[in-house]
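Trainee: Any chance you could fold what I've pasted below:
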Amino acid sequence: MPDRTCSIPGCERKHYGRSWCNAHYGRWRKYGDPLGVSPNARPLGLTEAQAFAWYMPGNPPPADNCWDWTGTVVSTGYGRFTVNRGVPVDAHVASHRLYNPHDSTTTDKPLVLHWCDRRICVQPAHLHAGTASDNMREAVERGRIAFGDRVGGVKLTDAKVIWVRAQTGMTHQEMAARLDVSSGTIGFIRRGETWKHLL
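Mentor: Predicted coordinates:
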């Protein structure tokens, strides 16, 4: 007996039961219709703007308030949705494209950054185009990245590094022995290659 296919027009999957494939049979069992979908499911075929609006209806709140994404949030903390049969779109990027055309991303400024430092926020007034360097600079300025003696497990402190840089009569080996670090560590500090926030 030849393999039969699903009787739903356009479906080429193998027959499973009641003349339907496994997927259409499952929808019939769940919704009473082989073409049924969850009443809460987002409609198919929406543009990026329509899909964004489906999750975030209405207009953004005033600029001093965050506008938190209501859809899926991925492990990095950013909101995300899909368009065009599964193409992922970061929600904050879509919001910036839709509401901030005066500050569009370019090859010089390819990223969308948050003024509020909240990844889930899609408030257009809290978003701006920038570079990876801008992102890192803002993270350091706002204390989002630990450095210096705020990093766990470091042997040196800001005060000890300032002392190393101020020395004129000691060798690298003598300073290293006093601080229980390698002479290479002292060299990096003296040349300004590490602990740059104290330069």
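
Trainee: CA-only coordinates of stretch 171-183 in PDB, if you can.
Mentor: Output of stretch 171-183 as PDB, limited to C-alpha atoms (Å, rounded to 0.1, in the frame of the first residue of the first chain):
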ATOM      1  CA  THR A 171      63.000  47.300  40.700                       C
ATOM      2  CA  HIS A 172      60.100  45.400  39.300                       C
ATOM      3  CA  GLN A 173      61.300  42.300  41.100                       C
ATOM      4  CA  GLU A 174      61.500  44.100  44.500                       C
ATOM      5  CA  MET A 175      58.000  45.500  44.100                       C
ATOM      6  CA  ALA A 176      56.700  42.100  43.000                       C
ATOM      7  CA  ALA A 177      58.200  40.400  46.000                       C
ATOM      8  CA  ARG A 178      56.700  43.000  48.400                       C
ATOM      9  CA  LEU A 179      53.200  42.600  46.800                       C
ATOM     10  CA  ASP A 180      53.400  38.900  46.200                       C
ATOM     11  CA  VAL A 181      52.800  39.200  42.400                       C
ATOM     12  CA  SER A 182      55.000  38.500  39.400                       C
ATOM     13  CA  SER A 183      57.400  41.100  38.000                       C
END
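
Trainee: Flag every buried residue along that stretch.
Mentor: Neighbour-count burial for stretch 171-183 flags 172, 175, 176, 179, 181 (criterion: 16 or more other C-beta atoms under 10 Å). Just so you know, the C-beta spots here come from the backbone N, C-alpha and C atoms, and that holds for glycine as well.

Trainee: do stretch 106-122 as well
Mentor: Under the neighbour-count criterion of 16+ other C-beta under 10 Å, stretch 106-122 has 112, 113, 114, 118, 119, 120, 121, 122 buried.

Trainee: Show the contacting residues for the second one.
Mentor: Translated: residue 113. 127, 128, 129, 130, 134, 135, 138 (C-beta atoms under 8 Å, 6 or more residues apart in numbering).

Trainee: got the contact list for stretch 46-60?
Mentor: So stretch 46-60 is contacted by 42-43, 67, 69-71, 79, 81-83, 89, 91, 94-95, 97-99, 122-125 (C-beta under 8 Å, 6+ apart).

Trainee: Buried ones among the residues you listed?
Mentor: 67, 69, 71, 79, 81, 83, 89, 91, 94-95, 97-99, 122-125.

Trainee: In three-state terms, label residue 177 for me.
Mentor: helix (DSSP: H, G, I helix; E, B strand; the rest coil).

Trainee: got it, and residue 133?
Mentor: Residue 133 - assigned by three-state DSSP - is helix.

Trainee: Need the pLDDT of it.
Mentor: For residue 133, the model assigns a pLDDT of 90.

Trainee: And the helices in the chain?
Mentor: If DSSP state H is used as the criterion, the helices of the chain fall at 22-31, 48-55, 91-99, 132-141, 158-166, 172-179, 183-190.
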